[in-house]
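>>> what's the 3D shape of this:
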Amino acid sequence: MSIFARSEAAGTQQHGYVWRGRQQAATTFALGTERERVTALTRAVAVAALEVMAGTRPAAQLLRWTTPEIVDKLRRRSGVLQQRRLLEPPQAPVHATHRHSEVLRQRVCHVTEGVYEVALVIRDDARTRALVIRAERPELAWRVTVLEIG
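Below you'll find the model as predicted:
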């Protein structure tokens, strides 16, 4: 059931943005289930990580949802790919990678309370990749603690 369907069923009109002062009251129908939130977060982080590797997104943008170690790892891997692109001819497949990413499959598994592991298959212009993500919620916000790109 969507947010809008819940609000219509309750007889109230739901607006797109909930002011911070009213967020506590709106949590009963504004937020999806825990699994839905983890699914959305990991999908967005996976696509953003591939954009970092392509050089189209700065790695620092992922600091909010990942650990500093993951951001550093993505920076290094992006740097290696940028150097390789300089050595390859323009028609080489390395120039087309990570451009138009599409999530083909996503499997979300609940490990323990506050921990999910997610496997994704993402296809871009040049290849299909597998990604594995571990999302944990130590406090109130979800954070990606493990990100492996195949």
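>>> tell me what the strand or helix carrying A46 is packed against?
Assessed by DSSP states H and E, A46 sits inside helix 34-54. When contacts are defined as 3 or more Cβ pairs under 8 Å, 6 or more residues apart in numbering; DSSP states H and E, helix 34-54 packs onto helix 68-87, strand 102-112, strand 115-123, strand 128-136, strand 143-149. The way it works is simple: take the backbone N, C-alpha and C, and place the C-beta from them, glycine included.
>>> Out of those, which is closest to Q61?
Evaluated over the helices and strands packed on helix 34-54, closeness to Q61 peaks at helix 68-87, with 8.9 Å, by Cβ to Cβ.
>>> Pass me the low-pLDDT residue ranges in this structure, would you?
Scanning the chain for pLDDT under 70 picks out 1-31, 84, 91-99.
>>> Nearest residue to the middle of it?
For the chain, the residue nearest the mean C-alpha position is V45 (2.0 Å; Cα atoms, centre = their mean).
>>> separation between it and I133?
7 Å (Cβ to Cβ, to the nearest Å).
>>> before we move on, the earlier item: output the helix holding A46 as PDB, restricted to C-alpha atoms.
Extracted as PDB, the C-alpha positions of helix 34-54 are listed here (Å, rounded to 0.1, in the frame of the first residue of the first chain):
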ATOM      1  CA  GLU A  34      12.300  -1.200   7.200                       C
ATOM      2  CA  ARG A  35      12.900  -3.600   4.200                       C
ATOM      3  CA  GLU A  36      11.600  -1.000   1.800                       C
ATOM      4  CA  ARG A  37      13.800   1.700   3.200                       C
ATOM      5  CA  VAL A  38      16.900  -0.600   3.000                       C
ATOM      6  CA  THR A  39      15.900  -1.600  -0.600                       C
ATOM      7  CA  ALA A  40      15.700   2.100  -1.700                       C
ATOM      8  CA  LEU A  41      18.900   3.100   0.100                       C
ATOM      9  CA  THR A  42      21.000   0.300  -1.300                       C
ATOM     10  CA  ARG A  43      19.700   0.700  -4.800                       C
ATOM     11  CA  ALA A  44      20.600   4.400  -4.700                       C
ATOM     12  CA  VAL A  45      24.000   3.800  -3.200                       C
ATOM     13  CA  ALA A  46      24.900   1.100  -5.700                       C
ATOM     14  CA  VAL A  47      24.000   3.300  -8.700                       C
ATOM     15  CA  ALA A  48      25.900   6.200  -7.200                       C
ATOM     16  CA  ALA A  49      28.900   4.100  -6.500                       C
ATOM     17  CA  LEU A  50      29.100   3.100 -10.200                       C
ATOM     18  CA  GLU A  51      28.700   6.800 -11.100                       C
ATOM     19  CA  VAL A  52      31.700   7.600  -8.800                       C
ATOM     20  CA  MET A  53      33.700   5.000 -10.700                       C
ATOM     21  CA  ALA A  54      32.700   6.500 -14.000                       C
END
